[in-house]
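K.L.:
Got a predicted structure here, sequence first:
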Amino acid sequence: MRSCLALFQAAALAFAVSIASDAIAQVDPGQGQTPPQAPAPSTATANGANPATNPAPAKKRHDPRDLCITQDDAASELLNKRRQIGGRIILDTFLLPTGGNVDVGLDEPFSESEYYFGALDIGTSTPVIMDRPDVKARQAADTDPIVKKGWMKKDRTIVNLRIPDVLDAPWRQAQLYVFTCRDGSPFKVSETAVRLSPGLYSAGLAWLIVFLGYLVAAFAFRTSRPPNVYAYLDPIAMSAGADGKASLGKLQIMMFSLIVFGLITYFLLRTGVLTDISSTVLLLLGIAGIGSTVAKGADNSRTTITPENKAWLLRKQWLPSTLNPNNIDAHWRDLFTTDGEFDVYRYQSFIFSIVVGGALIIGGVTQLSSFEIPQTLLGILGLSQVVYIGGKLVTPTSMADLNKSIDDLRQAEKKFRASAITANSGVLPASLTAAVVPANQTAYDDYMSLATDVATLFSVQTGIAVAPSKLQPSL
């Protein structure tokens with residue numbers, strides 16, 4: 001009995017030593033810490049399911065608004081050219097205007113289920129990829145220039161591309177790609193060689209050309225050197241009329257002509273073709289041109305010396321024998337005044353011309369051929385011209401008074417000559433001294449009194465002084 005108890009105690013002691021040895025062996029002797037707890041079993045394992053038989057996550061459905069390719073694989077996609085060749089790209093311009101929207105014809109039937117994206121290879125390491133919202137497709141219509149020219153049928157595709165303003169390649173050749181997307185990948189590709197025209201450079205060069213054209217006009221009309229550089233560029237001096245005063249009509253024509261010239265040059269640099277001009281722009285130029293012509297005719301009939309009086313003044317040497325005896329003395333106030341008084345008709349025509357000119361610059365940059373001005377605004381501008389011209393015709397001027405006074409002086413000279421012939425027995429006297437006799441002293445005095453007044457009015461109006469020796473009547 002006692003031996004059995006000793007055997008049982010020895011077995012228990014051996015079992016305890018064995019358990020203690022296992023525990024010590026699992027402890028890291030360098031750290032002296034207990035090992036981390038084993039992770040809890042997953043829900044699938046706890047439920048008894050086999051992880052190897054779990055279904056794979058569903059593939060994300062392709063969104064047609066996404067790009068077919070990314071920026072990373074765009075270069076290899078364009079270089080490999082492994083895609084099916086798409087429809088021919090048709091452009092109605094010689095240059096590709098970057099920095100805005102451009103319609104590109106794709107010679108393949110239009111399908112609403114097809115999606116497109118564009119790329120531009122300018123020779124750099126990374127091509128220019130157009131975002132999905134920047135590429136829109138539609139069916140061609142009769143109003144499209146490509147269809148009008150017969151280059152493409154109207155059941156084909158028009159792709160509108162919004163191309164960034166690529167400044168790295170001004171007027172340089174590049175390659176344009178239009179990819180057809182299908183199931184999130186490029187399906188076929190169309191390509192063509194284009195020459196880029198950046199909008200920023202085109203605008204800068206166009207206005208530089210306009211400025212050079214303005215300089216040509218500024219230097220060409222000069223007959224003498226002005227006192228300073230600004231005088232060369234003064235638009236008021238350039239618009240001066242025959243009387244040396246600023247002409248509102250000439251200034252309007254010059255302003256509208258330069259604006260239209262600048263826009264046409266801009267589109268020529270952008271597309272390589274001459275753009276059409278809308279009927280509104282033609283009407284605008286016509287209003288300014290007709291208004292200026294009629295106003296000039298009214299001025300010539302009212303504010304210039306008549307041919308008969310001019311010939312008489314030349315014979316009397318009151319007027320120098322030059323085409324324009326007056327120096328240019330044009331000022332801004334000449335645009336808004338008539339005979340020194342504020343002219344509301346001139347002012348009205350001027351301010352509406354400024355408004356229309358600004359609208360032409362802002363709206364014409366988009367498309368000059370479709371630029372429209374509201375008919376009411378054109379009507380106001382035309383009415384301003386009519387009122388302005390009508391005001392010229394009915395308003396008396398100092399020059400008109402001068403013409404009338406010169407006519408009276410000429411008649412007084414004829415009376416004096418006739419009186420001198422009568423007093424000299426029907427023979428014209430040999431000299432003025434022989435002509436002035438008591439018989440015709442009254443006619444002489446009447447002429448001299450009127451000649452003094454007319455000479456004063458002539459000097460004030462023209463700025464030309466008349467010597468006293470030139471006041472005597474002529475035989």
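P.N.:
Received the coordinates, thanks.

K.L.:
mind checking how far the lengthiest helix in the chain is from the chain centre?
P.N.:
What stands out as the longest helix in the chain, according to DSSP state H, is helix 398-423. Averaging C-alpha positions (C-alpha atoms, centre = their mean, to the nearest Å) puts helix 398-423 57 Å from its chain's average.

K.L.:
buried stuff in it?
P.N.:
The neighbour-count check on helix 398-423 (16 or more other C-beta atoms under 10 Å) flags 399-400, 402-403, 405-406, 409-410, 412-413, 415-417, 419-421, 423 as buried. All C-beta spots, glycine's among them, are computed from the backbone N, C-alpha and C.

K.L.:
for the stretch 251-400 of the chain, what spans make up the helices?
P.N.:
Using DSSP state H, counting those that start in this stretch, the helices of the stretch 251-400 of the chain run over 279-302, 307-315, 344-364, 375-394, 398-423.

K.L.:
wait, which of these is closest to R270?
P.N.:
Closest to R270 of those, according to C-beta to C-beta: helix 344-364, at 12.6 Å.

K.L.:
Can you spell out which helices and strands pack onto that closest one?
P.N.:
Applying 3 or more C-beta pairs under 8 Å, 6 or more residues apart in numbering; DSSP states H and E, we find helix 344-364 packed against helix 248-271, helix 279-302, helix 375-394.

K.L.:
Show me the shaky parts of the stretch 101-250 of the chain.
P.N.:
For the stretch 101-250 of the chain, applying pLDDT under 70 flags the ranges 184, 223-224, 242-243.

K.L.:
again with the stretch 351-475 of the chain
P.N.:
Scanning the stretch 351-475 of the chain for pLDDT under 70 picks out the ranges 384-385, 387-398, 463.

K.L.:
again, only using 50
P.N.:
The stretch 351-475 of the chain contains no residues with pLDDT under 50.

K.L.:
part of a helix, is A434?
P.N.:
Yes: applying DSSP: H, G, I helix; E, B strand; the rest coil, one finds A434 inside a helix.

K.L.:
quick one: contacts for it?
P.N.:
Applying C-beta atoms under 8 Å, 6 or more residues apart in numbering to A434 gives the contacts N424.

K.L.:
ranges for the strands of the protein?
P.N.:
Under the criterion DSSP state E, the chain contains strands at 84-85, 88-90, 96-97, 100-109, 115-121, 128-129, 135-139, 156-163, 173-182, 185-197, 337-338, 341-342.

K.L.:
returning to what we had before: now do the longest helix of the chain: which elements does it pack against?
P.N.:
Judged by 3+ C-beta pairs under 8 Å, 6+ apart, the packing partners of helix 398-423 are helix 307-315, helix 432-435, helix 441-462.

K.L.:
how about a markdown table for the ones you listed, with distance to M130 added?
P.N.:
Shown next, in a markdown table, are the helices and strands packed on helix 398-423 (distance: least, C-beta to C-beta, whole Å):
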| stretch | distance to M130 |
| --- | --- |
| helix 307-315 | 69 |
| helix 432-435 | 92 |
| helix 441-462 | 67 |
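
K.L.:
Highest mean neighbour count across those, which stretch is it?
P.N.:
Neighbour counts (mean count of other C-beta atoms under 10 Å) averaged over each of these peak at helix 441-462, with a mean of 17.

K.L.:
How far off centre is it?
P.N.:
Its chain's C-alpha centre and that of helix 441-462 lie 56 Å apart, by C-alpha atoms, centre = their mean.

K.L.:
Check stretch 208-216 too.
P.N.:
Offset of stretch 208-216 from its chain centre (C-alpha atoms, centre = their mean): 15 Å.

K.L.:
Now do the buried residues in it.
P.N.:
Neighbour-count burial for stretch 208-216, counted by 16+ other C-beta under 10 Å, picks out 209-210, 214.

K.L.:
ok, now stretch 230-247?
P.N.:
Here stretch 230-247 shows 234-241, 243-247 as buried, counting by 16+ other C-beta under 10 Å.

K.L.:
Which ones among these map onto helices?
P.N.:
Counting by DSSP H, these place 235-238 in helices.

K.L.:
ok, D107 touching I90?
P.N.:
Yes: using C-beta atoms under 8 Å, D107 is in contact with I90, at 6.1 Å.

K.L.:
which neighbours do those two share?
P.N.:
Overlap of the contact sets of D107 and I90 (by C-beta under 8 Å, 6+ apart) consists of M152.

K.L.:
Just give the number of residues close to the nearest residue to E372 once chain neighbours are set aside.
P.N.:
Computed as C-beta to C-beta, 6 or more residues apart in numbering, the closest residue to E372 that is not its neighbour in sequence is T280, at 5.1 Å. Residues near T280, counting by other C-beta atoms under 10 Å, number 19.

K.L.:
now the one 3 residues further on
P.N.:
One way to gauge burial is a neighbour count; for L283, by other C-beta under 10 Å, it gives 15.
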